[in-house]
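[1] can't give you the sequence, but here's the structure:
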């Protein structure tokens, strides 16, 4: 079966749109705009977050996801997400992706600033609704962490 030029273009556009969701999620996290971030999810989305093999949080629906995200980031003054490789598989109006991210969380404890660096692997499921790709399910695995005191620049 031959794939038409239009189908190939649509596939490339879908991949770009899904990658844009991944990057927009990270950008909104970095500016702590959780309210806008929630519109990247379906209303009944699920998110499961693991630290190593331990389940940290299991969330369902935008409201619960937003509350947990807001609570988690409250103790950090600065966040940086650096997205790496992202593989996307598309099947009609459904898609999956695996993407890697370095997450830097800067906060303060005992009068000192610290950096909490994390390696995270996200496994997402997406659906296209009214022409827009949304996250229907996310599993976030914080696979490693390194915490250290920050040194002020001279």
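    That came through, no problem. From a predicted model like this one, the values you see are computed outputs, not experimental measurements.
[2] skipping adjacent residues, who's closest to residue 118 in space?
    residue 103 (4.4 Å; Cβ to Cβ, 6 or more residues apart in numbering). Where C-beta positions appear, they are placed from N, C-alpha and C, glycine not excepted.
[3] typo on my end, it should be residue 28
    residue 37 is the one closest to residue 28 (Cβ to Cβ, 6+ apart), at 4.2 Å.
[4] residue 70 and residue 39, how far apart?
    15 Å (Cβ to Cβ, to the nearest Å).
[5] so which bits of the longest helix along the chain are buried?
    Looking across the chain with DSSP state H, the single longest helix is helix 5-30. Within helix 5-30, the residues that qualify as buried by neighbour count (16 or more other Cβ atoms under 10 Å) are 14, 15, 17, 18, 19, 21, 22, 25, 26, 28, 29, 30.
[6] okay if I get the residues you listed as a markdown table plus distance to residue 99?
    Shown next, in a markdown table, are the buried residues of helix 5-30 (distance: Cβ to Cβ, whole Å):
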| residue | distance to residue 99 |
| --- | --- |
| 14 | 15 |
| 15 | 12 |
| 17 | 14 |
| 18 | 10 |
| 19 | 8 |
| 21 | 10 |
| 22 | 6 |
| 25 | 10 |
| 26 | 10 |
| 28 | 16 |
| 29 | 14 |
| 30 | 16 |
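[7] what residues does the one helix or strand residue 106 maps to touch?
    Using DSSP states H and E, residue 106 maps to strand 94-109. With Cβ atoms under 8 Å, 6 or more residues apart in numbering as the test, strand 94-109 has contacts from 14, 18, 22, 26, 73, 75-89, 113-128, 133, 142, 150.
[8] narrow the residues you listed to those in helices?
    Per DSSP H, the subset of the contacts of strand 94-109 in helices is 14, 18, 22, 26, 73.
[9] what helices or strands is the strand or helix carrying residue 56 leaning on?
    Element membership of residue 56 [criterion: DSSP H and E] is strand 54-60. Helices and strands touching strand 54-60, by 3 or more Cβ pairs under 8 Å, 6 or more residues apart in numbering; DSSP states H and E, are strand 41-51, helix 62-73.
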